[in-house]
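In: Predicted model, plus sequence, below.
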Amino acid sequence: MRLHYTGPWPENIGFLLLPRFSMMAFFSAVEPLRIANRISGKTLFAWTLFSPDGEPVTASNGMTLMADKPMGDTLSLSSLAVCSGFEPEAHLNHALIAWLHRLDQAGCALGGLDTGGFLLAAAQLLKGERVTLHWESLPAFRERFPTLETSDELFELGERRFSCAGGAAAMDMALEVIARRHGAKLAVDVSEQLIHERLRSRSDRQRMTLARRLGTHNRRLVEAVGLMERHLEAPLSLAEIAKRSGVSSRQLQRLFEQELGMSPRHWYLQLRLARAKRLLTETDMSVLAVGIACGFASSASFARAFRAHFGYSPREVRWQAGLT
């Protein structure tokens, strides 16, 4: 799904399906292309499904899709989308890296749906490019690849690289591709068929506003939670959060308990531990490095808090994810 394409038609797009890939992101990318073909009465797009060995692949929802070909079987693609989900780098190997580089040398545009950017980055194919991922995976990606430019846009379309945040954002990216290739009217008609109320631009926000997520319009509470979310590595004191939010420490305590059902200290700790769990499953950072990235002074204090909250240790998460 490169930015520009002038033929020949149909435009041949490959999808590499890796175990536990996001079915939602994959179908959201393919269905607009299928509908564009039907409405136009022409085969504007064609697609090929690849798997590492040509065998069926099971998605994160437990459903299995048949693959058309094993990876490495062809180089005649306009673009290839790497479709992955949880623990993306667990599927990285020399054969995959070599094939991606051969495709790149053959002029194929490479991209990632959802967490596919992890594999392209690990294969050193994103230097000088800007990449986006699902909001939940962006912190882990930034920790893992600190020199790469990232964005929190819905999608990024370039001449040789593309990426999207996964989920419905893949649909928005596909609609943008249709509009650029074949006109805005066809993209609108496809969007109507999908009951997609409008064509979202790449700069539309990935997440709901914080007020909507919290279910409150109390601006002081929203400000306090926003401060917590922006300061996970170097946590602010609750007194500082209260001061910046324009309330007293006692008022802050009361706001959280009334609106969110827990203390501000507990809410803040949950945010840090949730981020830690994502880093443990999506990066190869050491347990100590993960703890420090989430505001803990030592691996011991991190492990205690983690086990108390989740009921198992950080190292057990690593073991379950197959990253040890």
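Out: That came in fine, so what should we check first? Everything numeric in this text was worked out from a predicted model, so none of it was measured.
In: which regions of the stretch 201-324 of the chain sit below the pLDDT cut-off?
Out: 208, 321-324 (pLDDT under 70).
In: quick one: the strands in the stretch 201-324 of the chain?
Out: For the stretch 201-324 of the chain, no strands are identified by DSSP state E, counting those that start in this stretch.
In: how about the helices of it, start to end?
Out: Ranges of helices within the stretch 201-324 of the chain are 210-214, 219-230, 238-245, 249-259, 264-282, 287-293, 299-310, 314-320, based on DSSP state H, counting those that start in this stretch.
In: C-alpha coordinates for the third one, PDB please?
Out: These are the backbone C-alpha positions of helix 238-245, laid out as PDB (Å, rounded to 0.1, in the frame of the first residue of the first chain):
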ATOM      1  CA  LEU A 238       0.700  13.000  44.200                       C
ATOM      2  CA  ALA A 239       1.200  16.400  45.800                       C
ATOM      3  CA  GLU A 240       2.700  17.700  42.500                       C
ATOM      4  CA  ILE A 241      -0.100  16.200  40.500                       C
ATOM      5  CA  ALA A 242      -2.600  17.900  42.800                       C
ATOM      6  CA  LYS A 243      -0.900  21.200  42.500                       C
ATOM      7  CA  ARG A 244      -0.700  21.100  38.700                       C
ATOM      8  CA  SER A 245      -4.400  20.000  38.500                       C
END
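In: Tell me which residues are up against that helix.
Out: By C-beta atoms under 8 Å, 6 or more residues apart in numbering, the surrounding residues in contact with helix 238-245 are 220-221, 223-224, 227-228, 236, 248-249, 251-252, 264-265, 268. Where you see a C-beta, it was placed from the backbone N, CA and C, and this is true even at glycine.
In: of those residues, buried ones?
Out: Buried residues within those, counting neighbours by 16 or more other C-beta atoms under 10 Å: 220-221, 223-224, 227-228, 236, 252, 264, 268.
In: Determine the three-state secondary structure at Asn61.
Out: With DSSP: H, G, I helix; E, B strand; the rest coil as the basis, Asn61 sits in coil.
In: And for it, nearest residue in space, chain neighbours not counted?
Out: Spatial nearest neighbour of Asn61, excluding adjacent residues (C-beta to C-beta, 6 or more residues apart in numbering): Met23 at 5.2 Å.
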